[in-house]
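*Asks:* Dropping the sequence and predicted coords here.
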Amino acid sequence: MSPEASEIVTISRAELDALKAELRRLRRIVGRDVARARIQADRGPGDGAPVLAREQLAEAWGIIE
């Protein structure tokens, strides 16, 4: 399907770059919202996973503060 001459428009390189930047910005915002929703929907370690305090975790990893 080829576009007809009446459907073709031209825009400046600066405007194209600005539109691309705006698209990246909007995608970033949506990505953050999706990530935030996933984090909030996660109920945490309710599957029997151990919950450790900071000191316990450091000891388990062999890190001494």
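*Replies:* Ah, there it is.
*Asks:* going forward, measure contacts and count neighbours with C-alpha atoms only.
*Replies:* Will do.
*Asks:* Regarding this structure, what is its longest helix?
*Replies:* helix 13-41 (DSSP state H).
*Asks:* Check the offset of the following helix or strand past that one from the chain's centre.
*Replies:* Proceeding N to C from helix 13-41, the next assigned helix or strand is helix 54-61, under DSSP states H and E. Here helix 54-61 is found 30 Å from its chain centre; the criterion is C-alpha atoms, centre = their mean, to the nearest Å.
*Asks:* by contact count, what packs against helix 54-61?
*Replies:* With contacts taken as 3 or more C-alpha pairs under 8 Å, 6 or more residues apart in numbering; DSSP states H and E, helix 54-61 sits against no other helix or strand.
*Asks:* So which bits of the worst-scoring helix or strand of the chain on mean pLDDT are buried?
*Replies:* Within the chain, no helix or strand scores below helix 54-61, which has a mean of 88 by mean pLDDT, DSSP states H and E. Under the neighbour-count criterion of 16 or more other C-alpha atoms under 10 Å, helix 54-61 has nothing buried.
*Asks:* send the alpha carbons of that helix over as CSV?
*Replies:* Only the C-alpha atoms of helix 54-61 are listed here, as CSV (Å, rounded to 0.1, in the frame of the first residue of the first chain):
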residue,chain,number,x,y,z
ARG,A,54,20.2,-6.0,57.8
GLU,A,55,22.7,-7.4,60.3
GLN,A,56,21.6,-11.0,59.7
LEU,A,57,21.9,-10.6,55.9
ALA,A,58,25.4,-9.1,56.3
GLU,A,59,26.4,-12.0,58.5
ALA,A,60,25.0,-14.5,56.0
TRP,A,61,26.9,-12.9,53.2
